[in-house]
Every structure is written in structure tokens, then in C-alpha cells.
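Participant: Based on what follows, work out the 3D shape:
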Amino acid sequence: MTEVKKTGKIALLFNSRNNYKLFENIFFEHTTVDFSNYYIFNIDLDSTDQEKELGKEVFEKYNIIDIPVDLDDPDIYCASRCMECCIEYIEENNLDIDWILWYSHDCHMVGDDFLERLEQKIEENPRFNEEVGVIGFCDYGTVTVGSPIFGRGTLLGGINEEPHVYWYEHLPDEYKEVEYFVVEAPQDNGMLFNKNLYKKFIEPDYKFILFNWVNDISAQFGLHGVASITIPSLEMVDLYREKPKFGVSRSITCGGHHHKDSYRNASSLSAHWTGKYLYPRASYSSMKAQQAGFDKQEEKYKNSIQEKIIRWHVLEGPKTLDDIKD
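Facilitator: Residues are numbered from 1 along each chain as shown. The predicted model follows:
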């Protein structure tokens, strides 16, 4: 534990499994942020002994705190369980942290002042602390190199049609020019969680190990009238195409060595999602079925964020917290 407590209200969290080379060769290689005032946490998910030794070098070099966890916990490989462990550590050590930035090793932040600007946005918009559960960013490269993605979703009118196809991508220019806008869920390479609201509203669903876990968290927040937003001026870049150079495979093809989830497992949870939220994810159903399923659940979604989003259309332009209150 670092003796001098840091004053940044945001802390970073990485979940690592046999991918410590990515810290040095992607995240810290391309991220120019000064982290001296921010805690960085890591949770190791049963890496090999050789990888753990490499991890120790990374922790010492970059002042990263490795949070010990119980690897016999059957749910420890789930990102939401790691979030719980991180929150527990923060509170047990009386750290003054309000937001947790869950981040991917194969991405980097754009700009020296990324975290300072993020904190400034929260300070300028104090209602975020009470009304926003998750904050996302402009994420380049996940689908097409150089093309920004601002979120994920299926409910917003027009988002299931070309050129979007379930991504908040290829949006009208006005989306890029506003301070923030409401999304169904942020892009899941890096997102900021409101620690206090997470504790208050989220019931971790350990079936979602990695894929779609953020969609689930945002959906839970939405049912409580708590929004997910994206700040488009804060940018990050997904460099997953560089992972094989460092002996790390993509999450969709890793076979368990670097992640414990798979696309096959994620696809198998479509019925679980439908049973939980009572409307199908559009990736498994048409938008017409999506709308019909949602409309049947009027009471469940009364006063929810989902109820607002499904009535909006992407061409209406970006929506804010004030639009939710209308």
C-alpha cells in the first residue's frame, strides 16, 4: 500500500490473466497521462507463475496495487465480481475514491490530461454523481480503424439499421460536438463506474463473465432511472490488433488462457438476457420483435431510462439528462 494517499477521485482497475506484456507494450507505451495522483488497481485472475513474476515488475514500475482475491471463488473471473472486490478494497483502506475506471490493457487514452478533463467534467456537472451510473468515451478502432464508437445498444430508434448496426457509430456530427449524451450502454473497452450508485443499485450477474457485462450493468442502472452517458471529447483507442505481437490473442479466440469468457458462451446467454429484461437483444432478434417485447413490459419499464431511449431516434440528435426528466 502506498504510504502517501493520492487525491484523485478516480481510480483505474485492470483485470489481468497472462497478459502483463500489454501493460508495457500497449497501455503505458501509448498513454501519456501522469498517474501520480491516481490509484491504479489490478486483479490477477490466476495467471501462470511466470506471468505473475512479470506482473510484479509491472506493479513496481508503475506503482500498481495488486488486490488479493480468492481464486477459489467460482465467480472471480467475472468482471462484475472484480468490481465488487475493488470497491471492498477501497472502502477497507478508507480511500477517497468516487469513480472506478475499468480499463482494457490493449487500449490507450488520448491526451496528457485525459483524467484531469474527466474529473473536471464531473465537477462541472455535479448531477452526474446522483444521476449517472456509467460514463463512456469516444472509442476508436474497435470495428474499423479510425472510426469512433460512442456506445452500444439496441433500443434507440435507427440504431439497428445501417450504418449503425447495434453500435453508436457513424453518428451525425452533432453527437461529437456536445458535452455528453445519453447512451444505452457505453463501449466496453474503458468505462467509468459511479462507485456509490453501483453499490446502491447493482446486483452482480455472474453469468456475464466479460462479454455484455457492461450492457447488463447499464440496463440495471436504467431500470432505476440512472443513466449511462458518453463524453465524446474524451477519446481512447482500441489497439487489439497489436496483441498477437506480444503473444496475447484476441478475447474472442483466446480459449481461456487470457480470458475465461467466449463468444459461444456469450451467445448462449441470449435466453438469459430475455428472461431477465423481458425483451430480446436485437442481435438475436429483429427490431420489430424488440419493440413488441418491450411494449408488453410497460409496468416493468415505467420511469426507466429504457422507456425513454426506445421512444427516441438516432436522427433526433443527442439527448441529455434533461431529456430524461421531460
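Participant: At which residues are the strands of the stretch 201-326 of the chain located?
Facilitator: Using DSSP state E, counting those that start in this stretch, the strands of the stretch 201-326 of the chain run over 227-238.
Participant: so where's it uncertain?
Facilitator: Along the stretch 201-326 of the chain, the parts satisfying pLDDT under 70 run over 250-268, 280-296, 298.
Participant: one more time with 50
Facilitator: For the stretch 201-326 of the chain, the stretches flagged by pLDDT under 50 are 282-284.
Participant: In it, mark out all the helices, start to finish.
Facilitator: 213-223, 263-268, 270-277, 287-295, 305-309, 321-325 (DSSP state H, counting those that start in this stretch).
Participant: now the stretch 1-150 of the chain
Facilitator: Using DSSP H, counting those that start in this stretch, helices in the stretch 1-150 of the chain cover 21-22, 28-30, 49-62, 79-92, 114-124, 128-131.
Participant: could I get those helices as JSON lines with mean pLDDT and mean neighbour count?
Facilitator: C-beta: built from backbone N, CA, C; applies to glycine. Output for the helices of the stretch 1-150 of the chain, formatted as JSON lines (pLDDT from 0 to 100; neighbours: other C-beta atoms under 10 Å):
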{"stretch": "helix 21-22", "mean pLDDT": "96", "mean neighbour count": "21"}
{"stretch": "helix 28-30", "mean pLDDT": "98", "mean neighbour count": "15"}
{"stretch": "helix 49-62", "mean pLDDT": "97", "mean neighbour count": "14"}
{"stretch": "helix 79-92", "mean pLDDT": "97", "mean neighbour count": "19"}
{"stretch": "helix 114-124", "mean pLDDT": "98", "mean neighbour count": "16"}
{"stretch": "helix 128-131", "mean pLDDT": "98", "mean neighbour count": "16"}
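Participant: wait, which of these is closest to residue 7?
Facilitator: For these, the distance to residue 7 is smallest for helix 114-124, at 10.3 Å, taking C-beta to C-beta.
Participant: contacting residues for residue 223?
Facilitator: By C-beta atoms under 8 Å, 6 or more residues apart in numbering, residue 223 lies in contact with 300, 301, 304, 305, 306.
Participant: could you measure the first one against residue 213, distance?
Facilitator: So the one you mean is residue 300. 21 Å (C-beta to C-beta, to the nearest Å).
Participant: now the last one
Facilitator: The gap separating residue 306 from residue 213 is 18 Å, by C-beta to C-beta.
Participant: of these two, who's got more company?
Facilitator: Set side by side, residue 306 and residue 213 show more neighbours around residue 213, with 25 against 20, by other C-beta atoms under 10 Å.
Participant: thinking that one is in contact with residue 78, fair?
Facilitator: Yes. The pair residue 213 / residue 78 is scored as a contact, 7.1 Å apart, by C-beta atoms under 8 Å.
Participant: Can I get the helices of the stretch 1-150 of the chain in a markdown table including distance to residue 326?
Facilitator: Putting the helices of the stretch 1-150 of the chain into a markdown table (distance: least, C-beta to C-beta, whole Å) gives the following:
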| stretch | distance to residue 326 |
| --- | --- |
| helix 21-22 | 44 |
| helix 28-30 | 41 |
| helix 49-62 | 45 |
| helix 79-92 | 32 |
| helix 114-124 | 22 |
| helix 128-131 | 14 |
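Participant: quick one, which of those is nearest to residue 8?
Facilitator: Nearest of the helices of the stretch 1-150 of the chain (C-beta to C-beta): helix 114-124, 6.8 Å.
Participant: what packs against the closest one?
Facilitator: strand 10-16, helix 128-131, strand 227-238 (3 or more C-beta pairs under 8 Å, 6 or more residues apart in numbering; DSSP states H and E).
Participant: Mind checking those for the one nearest to residue 109?
Facilitator: strand 227-238 (5.4 Å).
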